[in-house]
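Novice: Have a look; sequence and predicted model below, questions after that.
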Amino acid sequence: MNAYFNNIKNGIQTVFEGMSISLASFFVHPITIQYPEDDISSAEKLKETYKGQLGPMPENYRGILDVDLSICTACQLCVKACPIDCIVIDAVKCDKSKVQGTKSEKPAVKTRTCTRFDIHMGKCMFCALCTLACPTGAIVHTKVFEMNKYQLQDLVLSFVSEEEKEKAIKRDSELKVEAAAEKAAKAAKEAEKTEEEK
Amino acid sequence: MNLLTDTLGMTEFWANVVIMLIVCTIVFAVFALMSGITSWAERRIAGRMQSRYGCNRVGPQGILQFVADAVKLILKEDLIPDGADRFLYKITPYLCLMGVLATLVVLPLGSRAMMVADLNVGVLYFISITSIVVIGILMAGWSSNNKWSLLGGMRSAAQIVSYEIPVAMSLLTPILIAGSLSVGDLLDSQGWLPWEWTAFQTPFSALAFFVFFIGSLAEGNRTPFDLPEAESELVSGFNTEYSGFRFAVFFMAEYGNVFLIGLSTTALFLGGPNLPGFLQGNPFLSVAVMMLKTIFIMFVVIWLRWTLPRFRIDQLMDLSWKYLLPCALIAFFGQSVFMLVAHQIPAITQITSIVVFIVFLLIMIKFIGRIRTNYKEQSIPVGLN
Amino acid sequence: MTSELKTEHITINMGPQHPSTHGVIRFVIKTDGEIIHECDPDVGYLHRGIEKIAESVTWQGFVPFTDRVDYLASMNANWAYCMAVEEMLGTEVPERAEYIRVIAGELNRISSHLVAIGAADMDMGAITPFVQLLREREYINDLLEMICGARLTYNYYSIGGVNYDLPEGFSIKVMGFLDHFEVAVEQMHRLVTYNQIFINRFANVAAVSPEMAMDYNFVGPNLRGSGVKYDVRRNKPYSIYDKLDFEIPIGTASVGTLGDCYDRYFVRVEEIRESVKILRQCLQQIPEGEIQAKVKNAIKPPVGHKYIRTETPRGDTGYFIYSDGKTSPSRLKIRTGSFTGMSIIPELARNIFIADLVAVIGSLDIVAPELDR
């Protein structure tokens, strides 16, 4: 009998309390970020249109990957770090600054240059292991998260254009020819030397 | 009527038919519009209670959402599951809708003159016609050839049949006060001031109001009594297999039911369209008052849905038989005794009603206080941006 | 009238696409009307072969896959795996990294429990508390996004420490959030946890006695809900948990029988409060220093095996690793809490209502991807 009346009492009390809470939240401003209207890329831009409590996108947000080829050394560490093999790098050895046309005081040093740097964003799982492995910070996550494409192959990001690739290969073969010529010259010189010695 | 028979030369029979059709169209249009708007309002209110916006894309504040939904549903393919009882499956949604719509015959949209028919057994008609819905739901569950639907239908039958009783019992109290079964007389027995409404006449009628409101929630399959469709248990129950226009009709019946709960509660307990003496019978004002009260009750119904968890089937039966039915009986006997006493001492009626109303006001003040504290608690800043 | 009515049990498929199974789990139930006669859980719909994947990726490369084992508590799954590899290598994790690990792990525990209790509420038909609790989880996601840049699959822990240091002003933001959170969550409990309808739905349903819980190998909050005071964080302390002051909540049969759905549910509620306590302590005590121990690029742990137990939100999660000295594990086995919770369902779901089965699933906090791996 006691339990019966307790049930009624508690029922009415808790229902009233519950109703007061849901009505109170009726008056609180919604926290939804209206996606295309509100720009979440930075705190200032978010505050312009959004009045809720959620925070903006942080600086270290892990969006789609971007590669700075001018500092990439084609060391393949990211390829090794990637657990799902979505990065493919082909490289040739050549003086990169000359190929890329960057003006530098220093004489052109022979380094590896990418002839192919493809990232399959359809496979990528945004784990950031490649960015952590990169010794120069060439591969980074950007804050871009809109990556819808109509074709699957459009999801493959190619950072080296055909032109650059050809340039690099051309320069590579040039260098190879130069090196061969040099070698030949050296060999000839040496041969001369030995002949002279004889 | 005179216009039709005299100027257009119709016989009385045909004039009646024409008037009937016009009235039907008006009532149906109001009903359809209200159920559409209710579905929009429910989504908006639920959204705000859950810190989100709800639908706000179609039209200003998303108010055209229900039109878009209806268009989408009508364009969908009308699937009939394999092995279904095709005839029953097809007619069921209309049966459900009919059960809801037919109730509107005795409920006023405005003043007493604006009822389709002021039957002298209006309340009886109201109680009995609402039971048609249960046949519809049971048929829907049976004919879909789906076990979840069948369970939903069975639950609904058990639920509505058992809740008929406390609802009918609680209606005895206003009937006692009015001394009539006609809804029009019930309206006339109430005044325009809150303490002249049936709900606040005596503590017993307040109890009856409470029982009636809970019972009609259960009959309308609204949370916390939405077991027949219990989304997380029965995968929306009896209407699982329905699609397209038939689903739209079910949908309309469901939201129409909310409108009906509001309308019947207002008419029977909350003073209906009654206005102060000098304004009595003003058609526009009475419609406005009626709709205002109805919309408030509808808001409460929606508000309850987004607050409370759902009962289990046995607890639902417990509530009906162990809690509501005794309450309804207490209300009935209490009211009878009170009326006997009031017959001797007439002054007691006025005093009790004012006291009941003041108690109600005090509860409301406490309630508003709780809302304020909860609101303050919710608006503590998070400090993320 | 003497002939009896012919009745039969009906067989119903609950799932794999059912709103209350929280993912793709299937229950084949035989019911007598509303009452369940027999329930046969069918798992494996979400099997992705994560244990097999481990054998073909590097030791570090497997960390993001542990995120996918239990997407609601990725941090804790990362943690368990990294700890196992560290034990094999004998790496000492810097103290600051340990503190950061506890902070991230406890934040993730809170967010996971929020989903657990929210989903239980939603199964009972109370949708508003679910969405409101998810709102609080969204703030935690924002905080975790601040430290690692991702919102769901964090990949924050690395072998030997953590990947990134805490951003500037992080502890102030967490403190500010906790002040809001404690009040807001308490309010949500007033809305649903203490609600009489809700209590009636959960109390006295599917009670698991302590003996039965141990027989069925219950772990984590489910075990504690049955009144057994066992928490890996206390009984076999790892990381810095022995330095921290917190309680182990257990089921007390406050409204029903010991070990019923409400007890299991309420243990999670209490655990959120304890996690808040732990967070406050850690944020005050956190020292300066390194966040990453020196670990080689290509890890090759010595030949041998290791089993590590950690307390994740779904209980005692174990990572068994067998190494044959190569760059990837030779065999890896993950033991999860959801699976043990699942195995008791045929026993519990006997002679209860269909609606109660939903309550049981909700209170056991079963997460499908963790169940199937």
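Specialist: Right, received. Where do you want to start? If you're wondering where the values come from, they're calculated on a predicted model, not measured in any experiment. Numbers count the residues shown, from 1 in each chain, chains lettered A, B, ... in the order given.
Novice: B:D85 reaches B:W142, doesn't it?
Specialist: Yes: in this structure B:D85 lies within contact range of B:W142 using CB atoms under 8 Å: 7.0 Å. C-betas here are computed from N, CA, C, even on glycine.
Novice: Comparing these two, which residue is more hemmed in?
Specialist: Remark: of B:D85 and B:W142, B:W142 carries more neighbours, 19 against 14, as counted by other CB atoms under 10 Å in any protein chain shown.
Novice: Please name the residues that touch that one.
Specialist: Applying CB atoms under 8 Å, 6 or more residues apart in numbering or on different chains, we find B:W142 in contact with B:D85, B:L88, B:S149, B:L150, B:G153.
Novice: before we move on, what about B:L234?
Specialist: By CB under 8 Å, 6+ apart, the contact set of B:L234 is B:W148, B:S149, B:L151, B:G152, B:R155, B:L227, B:P228, B:T240, C:I354.
Novice: try B:L279
Specialist: B:L285.
Novice: now the one 3 residues further on
Specialist: The neighbours of B:N282, taking CB under 8 Å, 6+ apart as the test, are B:S111, B:L275.
Novice: How about the one 4 residues further on?
Specialist: The contact partners of B:S286, by CB under 8 Å, 6+ apart, come to B:G110, B:S111, B:M114, B:P273, B:N274, B:L275.
Novice: can you pick the most crowded of those residues?
Specialist: For the contacts of B:S286, the largest number of neighbours (other CB under 10 Å) sits with B:P273, at 29 neighbours.
Novice: isn't it right next to B:V183, touching?
Specialist: No: the criterion here is CB under 8 Å, and B:P273 misses it with B:V183 at 11.7 Å.
Novice: what's the burial count for B:I19?
Specialist: Neighbours of B:I19 under the rule other CB under 10 Å: 12.
Novice: Per-residue pLDDT of B:G136, please?
Specialist: Per-residue pLDDT puts B:G136 at 83.
Novice: if I look at C:D365, how far off is chain B?
Specialist: Going from C:D365 to chain B by CB to the nearest CB, to the nearest Å gives 15 Å.
Novice: For that residue, the count of nearby residues, please.
Specialist: Count around C:D365 with other CB under 10 Å applied: 28.
Novice: now swap in the one 3 residues further on and tell me
Specialist: A total of 20 residues lie near C:A368 under the criterion other CB under 10 Å.
Novice: Which pLDDT value belongs to the residue in the stretch 201-350 of chain C positioned nearest to chain A?
Specialist: Residue nearest to chain A within the stretch 201-350 of chain C (CB to the nearest CB): C:N297, separated by 7.6 Å. Note on C:N297: pLDDT of 74.
Novice: OK, contacts around it?
Specialist: So C:N297 contacts A:L77, A:A133 (CB under 8 Å, 6+ apart).
Novice: what helix or strand does it sit in?
Specialist: Counting by DSSP states H and E, there is no helix or strand that carries C:N297.
Novice: Any of the contacts of B:W142 buried? List them.
Specialist: B:L88, B:S149, B:L150, B:G153 (16 or more other CB atoms under 10 Å in any protein chain shown).
Novice: Assess the claim that the first one and B:M139 are in contact.
Specialist: Yes: with contact defined as CB under 8 Å, B:L88 and B:M139 form a contacting pair (5.1 Å).
Novice: Can you verify C:K306 is assigned to a strand?
Specialist: Yes: C:K306 forms part of a strand when assessed by DSSP: H, G, I helix; E, B strand; the rest coil.
Novice: The stretch 101-250 of chain C: strands as residue ranges?
Specialist: C:157-158, C:161-162 (DSSP state E, counting those that start in this stretch).
Novice: Please consider this matter closed, and thank you.
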